[in-house]
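> Any chance you could fold what I've pasted below:
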Amino acid sequence: MYFRSAFVSLAGAIMAYQLFCDPIVGFPNNGDFKRVLDVYRLEPVCEGFPNCYFKYVVKRFRFLPGAPIQVEQASTEQLTILPAVLLNTVVSKDGYFDVRMAGLVHASLWLLGFWLAAPVVGMLHGWRRYAMAAVLVGVYCDVTYVWYSNSFYADTSAVICFFLALVLLSRLLTGIGNARSNAAGLMVAMFFAALAKPQHSLLVLPLLGFLAIYRRRYWPFHQGTLLAGSAAILGAIALLFATVPVSHKLVTFYSVVFGGILPVAPDRAQALRELELPEQYEKYAGTHAYSKNTGMNELAFLSDFTSRASHSKLLRYYAAHPRIAASMVGRGLNDASVVRYPFYGTLPKSPLHPERVLSRAFAAWSSFKMWLFHRNGWHLLAWFIGSMGALAGGVLYRWRARRDVLLAASALCAAAIAALLLGTLLDVVDTLRHLYMYVFLADTMVVAACAAWVGGFRDQRMNLSPS
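Below you'll find the model as predicted:
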């Protein structure tokens with residue numbers, strides 16, 4: 001109990017210092033906050049339009065009682081912010097919403113994951129226990145994770161729900177706690193992870209597949225409830241994809257075609273023909289949906305382009321041109337190798353510092369990755385492959401190739417690879433932020449590899465039954 005309290009308290013203190021002590025850290029609005037703010041009729045309080053986006057973190061938001069409630073698309077983040085709004089009504093002195101209320105809710109969910117993970121870490125003995133605790137705190141309390149808590153991005157809820165799901169899966173694998181509570185919690189966490197954002201919703205399928213394969217061992221309820229839970233998750237995924245706003249489809253399709261594919265295509269005209277687009281569109285090559293000279297600002301272009309945009313065309317094109325697909329993935333890896341966002345400010349506006357300042361507090365893990373990757377996507381790819389190898393080696397050697405653990409590790413690797421492909425092949429704007437889930441899963445592979453090597457059957461003091 002002492003270890004658990006100290007472990008969670010340390011993580012909580014690091015998060016609290018970053019999220020609540022001035023100057024607070026957060027992640028600025030790139031325009032996506034609107035999907036959550038409109039549900040609660042909120043708008044940012046800032047000095048002029050430019051200061052509301054990218055440059056600074058906005059701390060205060062005003063309520064607009066007369067504004068209509070707008071739900072562009074359902075998301076777990078909208079539900080996550082509800083307790084923050086309710087809590088704000090109690091503690092706010094001037095009626096404004098403080099972004100730190102959102103940070104409090106997000107941080108509480110992170111700490112719930114740490115609290116659930118503590119007994120798993122506590123199974124280790126001696127230095128292994130404290131080394132593993134240091135790895136978990138060092139990785140997930142890094143500023144590149146914490147600053148998302150003071151924000152309204154759907155990615156935040158997706159990553160937190162995935163974190164909770166993986167922790168609960170580890171409890172099932174090690175036999176920690178009540179099996180019924182762990183299994184039910186895993187299903188709920190997967191459901192809300194699937195409901196968070198379309199881009200991330202498919203990533204729960206490997207975990208769901210693991211649970212289906214080992215249902216007799218790890219699902220202590222009637223099999224019909226597993227089918228019902230699976231149907232709910234698949235329904236959430238279908239709902240998200242069915243309700244993706246047309247504007248979002250157009251923006252991503254345009255940016256990928258003209259900002260990603262055409263600049264590297266050997267024959268641009270042929271590429272447009274294969275994508276079933278007019279050859280005269282070649283003049284937009286090198287632009288994306290938010291460029292000054294984008295075709296999205298032309299009504300004639302937009303009316304024609306709307307009927308032609310389809311992500312299935314992109315998938316067919318990538319299948320026919322794997323080199324182009326590899327180039328797109330390489331571009332995304334180069335972006336992700338930057339690690340910290342160079343064009344975003346993570347502190348509130350202040351005369352004490354310029355715009356677009358990145359917090360450096362508790363940044364040891366991200367600083368290490370910046371040094372290791374050195375803005376080179378090949379370095380990141382080698383690290384990613386090495387992490388998978390280390391995880392596989394730990395399971396095969398330390399865990400005696402236990403089949404269920406090997407399949408769970410494979411599910412994690414599959415989710416990470418899928419996150420990389422979805423984040424690089426279907427979007428080219430703000431790639432580093434869109435790869436947040438991939439970064440989380442890649443980091444989790446490193447954590448899992450450490451856990452596999454410091455624990456397992458070859459530690460004679462651990463009592464784990466093989467499948």
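> Could you tell me whether F61 really is in a strand?
Yes: secondary structure of F61 (DSSP: H, G, I helix; E, B strand; the rest coil): part of a strand.
> contact partners of the lowest-mean-pLDDT helix or strand in the chain?
Sorting the helices and strands of the chain by mean pLDDT, DSSP states H and E puts helix 431-434 at the bottom, at a mean of 84. With contact meaning Cβ atoms under 8 Å, 6 or more residues apart in numbering, helix 431-434 is reached by 30, 153, 155, 199, 331-332, 335-336, 338, 341, 423-424, 427. All C-beta atoms are positioned from the backbone trio N, CA, C, and that covers glycine.
> one more time with 10 Å, if that's ok
27, 30, 32, 148, 153, 155, 197, 199-200, 252, 260, 328, 331-344, 419, 422-424, 426-428, 439 (Cβ atoms under 10 Å, 6 or more residues apart in numbering).
> now stretch 284-301
By Cβ under 10 Å, 6+ apart, stretch 284-301 touches 30-31, 247-248, 250-263, 265, 268, 271-272, 277-278, 280-281, 283, 302, 304-305, 427-430.
> Which members of the residues you listed occur in helices, if any?
247-248, 250-254, 268, 271-272, 302, 304-305 (DSSP state H).
> so which of those residues is the most crowded?
Y254 (25 neighbours; other Cβ atoms under 10 Å).
> Which of the helices or strands spans the closest residue in space to it that isn't next to it in sequence?
Once flanking residues are discounted, Y254 sits nearest to A289: 4.7 Å by Cβ to Cβ, 6 or more residues apart in numbering. In the assignment (DSSP states H and E), A289 maps to no helix and no strand.
> how many neighbours does A289 have?
Using other Cβ under 10 Å, A289 has 21 neighbouring residues.
> Likewise for the one 4 residues further on?
The burial count assigned to N293 is 10, neighbours taken as other Cβ under 10 Å.
> Just to be sure, it is in a helix?
No: per three-state DSSP, N293 lies outside any helix segment and is coil.
> what's the distance between it and R331?
From N293 across to R331, the span is 21 Å (Cβ to Cβ, to the nearest Å).
> which intervals of this protein have sub-threshold pLDDT?
49, 456-467 (pLDDT under 70).
> From the chain's centroid, how far away is stretch 355-365?
19 Å (Cα atoms, centre = their mean, to the nearest Å).
> With only the CA atoms kept, save it in CSV.
In CSV, the C-alpha atoms belonging to stretch 355-365 read as follows (Å, rounded to 0.1, in the frame of the first residue of the first chain):
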residue,chain,number,x,y,z
GLU,A,355,5.0,33.6,-28.4
ARG,A,356,5.1,29.8,-29.3
VAL,A,357,7.2,28.9,-26.2
LEU,A,358,7.5,25.2,-25.4
SER,A,359,7.6,24.2,-21.7
ARG,A,360,10.8,22.4,-20.7
ALA,A,361,9.8,21.2,-17.3
PHE,A,362,9.8,17.4,-16.8
ALA,A,363,10.9,16.8,-20.4
ALA,A,364,13.6,14.2,-19.8
TRP,A,365,11.9,11.5,-21.9
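> buried sites along it?
R356, V357, L358, S359, F362, A363, W365 (16 or more other Cβ atoms under 10 Å).
> can you check stretch 302-317 too?
By neighbour count with 16+ other Cβ under 10 Å, stretch 302-317 contains the buried residues F305, A309, K313, L314, Y317.
> In this model W378 seems to touch V329, though I could be wrong.
No: contact criterion Cβ atoms under 10 Å: V329 and W378 do not qualify, at 11.6 Å.
> Neighbour count: those two, which is higher?
Between V329 and W378, counted using other Cβ under 10 Å, V329 has the larger neighbour count: 18 against 13.
> residues contacting the more buried one?
Taking Cβ under 10 Å, 6+ apart as the test, what V329 contacts is Y318, G377, L381, L420, L421, G423, T424, L425.
> Quick one: which of the residues you listed is the most crowded by neighbours?
Going by other Cβ under 10 Å, T424 tops these with 27 neighbours.
> any idea which element it lies in?
Assigned by DSSP H and E, T424 belongs to helix 403-425.
> K93 and R60, how far apart?
Where R60 is concerned, K93 sits at a distance of 12 Å (Cβ to Cβ).
> F241 - how many residues pack around it?
Residues near F241, counting by other Cβ under 10 Å: 12.
> That one sits in which helix or strand?
helix 223-242.
> Buried ones in that helix, by neighbour count?
L226, G229, S230, A232, I233, A236, I237, L240.
> The host helix or strand of A194 packs against which elements?
A194 belongs to helix 179-196 when assigned by DSSP H and E. Judged by 3 or more Cβ pairs under 10 Å, 6 or more residues apart in numbering; DSSP states H and E, the packing partners of helix 179-196 are helix 76-91, helix 99-122, helix 154-174, helix 198-201, helix 205-213, helix 215-218, helix 223-242.
> V446 is nearest to which of those helices?
helix 154-174 (12.9 Å; Cβ to Cβ).
> from the chain's centre, how far out does the closest one sit?
The answer for helix 154-174 is 11 Å, by Cα atoms, centre = their mean.
> and what of stretch 423-431?
Its chain's C-alpha centre and that of stretch 423-431 lie 14 Å apart, by Cα atoms, centre = their mean.
> Could you do stretch 369-389 as well?
Centroid displacement of stretch 369-389 relative to its chain, using Cα atoms, centre = their mean, is 19 Å.
> try stretch 162-177
For stretch 162-177, the distance to the chain centre is 19 Å (Cα atoms, centre = their mean).
> so I233 makes contact with F191?
Yes: the pair I233 / F191 is scored as a contact, 5.3 Å apart, by Cβ under 10 Å.
> which residues do the two both contact?
With Cβ under 10 Å, 6+ apart as the test, I233 and F191 both reach V204, L208.
> follow-up on the earlier one: ok, the buried residues of helix 223-242 vs K55, which is closest?
So of those, ranked by how close each gets to K55 (Cβ to Cβ), first place is L240, at 30.7 Å.
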